[in-house]
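Peer 1: just a sequence and a predicted model for now, questions to come.
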Amino acid sequence: MSEQAASLDIVTSDSIVADGDANLGEALADLPGVENIATGNSAGKPVIRGLSGERIRMLSNGVGLDHQQYGVRHMPSYDPFLLERVEVVRGASSVLYGSSALGGAVNLIPREIDYDTDFHGEAMTRYYSNNGQWDTGLRAGAGNGRFGISVGVIRRDAGNIETPDETTYFPPPPNPEHQDAAAYTGDLDYTDFEQAAGDIAVGVRDDRGGEWRLRYTRWNDEHNFLLPPPAGIKPPSAGAEGIGQYIDDEQLSLSGRTRIGNITWKPKLLWQNNERRSNAAGYPRSAGFDHTIDIEFDQYTARLEGEHGAIAGLDGGTVGVEYRYKTQESRGSTQLSPGGDVHNAAVFAFEEKRLGPLLLQSGVRYDHHTTEARASRTRAPSASVRDAEENSYGVATGSLGGVLSMTDRLSLAANVERGFRAPSLFELYVAGQHGGVAAYQEG
């Protein structure tokens, strides 16, 4: 749709690479109404109109993703170098994307397949002198008119951040002039990281504009976080301490486009596997994994959209159904988020009607969402997990908006929408020490 009542911005991958942004938070921070929560040079997550984490829906080509965002340090598991562009929708977007799209939605669009070019490719390398970081990436593709392939790989390897040497106060005294003083300056231990990501897609298209794509993406990350004192296993006078984290994310998707009659059907299937492992406070990644937090899930999503032209007095729109199933295991000695199951089934429609210079857009959606913790898939289940019952939610959402064209270059837009967010397994059942935020949490 060329006109939107909702607030929409697009950031291309080429502009992200040119700016040197290494994470999505940095890449989107210059957009109006969007900020970045930065917790180290590798971790950044977007904030849209003051909302972040589970209040923003992360998507891959319109299909919802989950990145175990339990705290400010838990960033989306995707490298912007592998994308074609990022679409940011501000405001409630639950009609199209379901639970969690309260503050907005961030849609990650993968690289396009160029069917009409024999071969094309580009390489990127960048060095950051502050932390000795090397970024090296390669993107390439080829096609013969009917078949095509797209490949991308990137590696980011960084040492510790360096800051100017300043006076530190440790632990901070109660003096007002020292309340904002740093605990550490100079060479900041435990701010290093290593990331590697890759993406490969193959596609085939027919003479009628139909297309099928199969894509595999993987993102692997190992990093340290510098902990503020006192948070680890040593007294503050012993110096800085770190916490090691290990994240691995895999995605396999099949998407298509085919026209039948007056409807263009877009089926999408996505499997995502995500594992988050984290040490106890005071144990950096050089110490190896200590099995404190080990959470892994598999998520399966099937989505079918149908884009239609004029029908029943309407000018066009989209109808669709979606089903998502998530199964999770918690194998760590600390139950941050338990094992369990999440189901979500939805049906939705989004339609348009033009009345002279005014374009009206309206949508409606119904979701049936269930969440249940399972002690059998939790190594150290809390009492609330052992006694857990199924949580079920049936929610209807809707939207209404309009775009009034004043001139060829000026239009006025307004949109109102009702959204919803179902609580996650983490929010319902968290029980234990969360080293990443230096707190003990209970659901």
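Peer 2: Everything's here; your move.

Peer 1: burial measure for residue 117, as a count.
Peer 2: Residues within reach of residue 117, counting by other C-beta atoms under 10 Å, total 13. C-beta coordinates here come from the backbone N, C-alpha and C atoms, glycine included.

Peer 1: list the residues that contact the residue nearest to it when sequence neighbours are not counted.
Peer 2: When the adjacent residues along the chain are set aside, residue 117 lies closest to residue 143, with 5.8 Å between them (C-beta to C-beta, 6 or more residues apart in numbering). Residue 143 makes contact with 113, 114, 115, 116, 117, 118, 149 under the criterion C-beta atoms under 8 Å, 6 or more residues apart in numbering.

Peer 1: identify the bridge partners of the last one.
Peer 2: Legend: beta-bridge partners of residue 149 under DSSP bridges are residue 142, residue 202.

Peer 1: change the start of the numbering to 374 and stick with it
Peer 2: All set: I'll call the first residue 374, so the last point we hit is now residue 522.

Peer 1: low-confidence ranges in the chain?
Peer 2: Applying pLDDT under 70 to the chain flags residues 374-379, 413, 464-467, 544-546, 808-811.

Peer 1: for it, which strand is longest?
Peer 2: As assigned by DSSP state E, the longest strand anywhere in the chain is strand 614-633.

Peer 1: sheet partners, orientation included, of that one?
Peer 2: Strand 614-633 has these partner strands in its sheet, going by DSSP bridges: strand 584-600 (antiparallel), strand 636-651 (antiparallel).

Peer 1: for the residue nearest to residue 490, give its distance to residue 718.
Peer 2: Separation of residue 516 from residue 718 (C-beta to C-beta, to the nearest Å): 37 Å.

Peer 1: go on, residue 644?
Peer 2: Taking C-beta to C-beta, one finds residue 644 at 18 Å from residue 718.

Peer 1: which non-adjacent residue is nearest residue 477?
Peer 2: residue 421 is the one closest to residue 477 (C-beta to C-beta, 6+ apart), at 3.9 Å.

Peer 1: ok, that neighbour - contacts?
Peer 2: Residue 421 neighbours (C-beta under 8 Å, 6+ apart): 406, 407, 429, 461, 463, 476, 477, 479.

Peer 1: hmm, 7 Å instead?
Peer 2: Residues near residue 421 by C-beta atoms under 7 Å, 6 or more residues apart in numbering: 406, 407, 429, 463, 476, 477.

Peer 1: return the member of the residues you listed nearest to residue 392.
Peer 2: Of all the contacts of residue 421, residue 407 has the smallest distance to residue 392: 14.3 Å, by C-beta to C-beta.

Peer 1: just how off-centre is stretch 617-636 within its chain?
Peer 2: 14 Å (C-alpha atoms, centre = their mean, to the nearest Å).

Peer 1: so who does residue 597 touch?
Peer 2: By C-beta under 7 Å, 6+ apart, the neighbours of residue 597 are 563, 564, 565, 615, 616, 617, 657, 658.

Peer 1: just give the nearest non-adjacent residue to the last one, would you?
Peer 2: Distance criterion C-beta to C-beta, 6+ apart; nearest residue to residue 658, sequence neighbours excluded, is residue 617 at 3.1 Å.

Peer 1: can you get me a residue count around the one you found?
Peer 2: 24.

Peer 1: the one 3 residues further on too?
Peer 2: By other C-beta under 10 Å, 20 other residues sit near residue 620.

Peer 1: kindly report the same for residue 767.
Peer 2: 9.

Peer 1: most distant residue from the centre of the protein?
Peer 2: residue 548 (40.7 Å; C-alpha atoms, centre = their mean).

Peer 1: state the distance from that one to residue 538.
Peer 2: Taken as C-beta to C-beta, the span from residue 548 to residue 538 is 21 Å.

Peer 1: can you check residue 494 too?
Peer 2: 44 Å.

Peer 1: from what I see, the residue nearest to residue 658 and residue 654 are in contact.
Peer 2: No: applying C-beta atoms under 7 Å, one finds residue 617 not in contact with residue 654, separated by 10.2 Å.

Peer 1: the protein: helices as residue ranges?
Peer 2: Using DSSP state H, the helices found in the chain span residues 386-392, 397-401, 467-470, 756-759, 798-802.

Peer 1: give the buried residues for stretch 483-490.
Peer 2: Residues of stretch 483-490 classed as buried by neighbour count (16 or more other C-beta atoms under 10 Å): 483, 484, 486, 487, 488.

Peer 1: no further questions, thank you.
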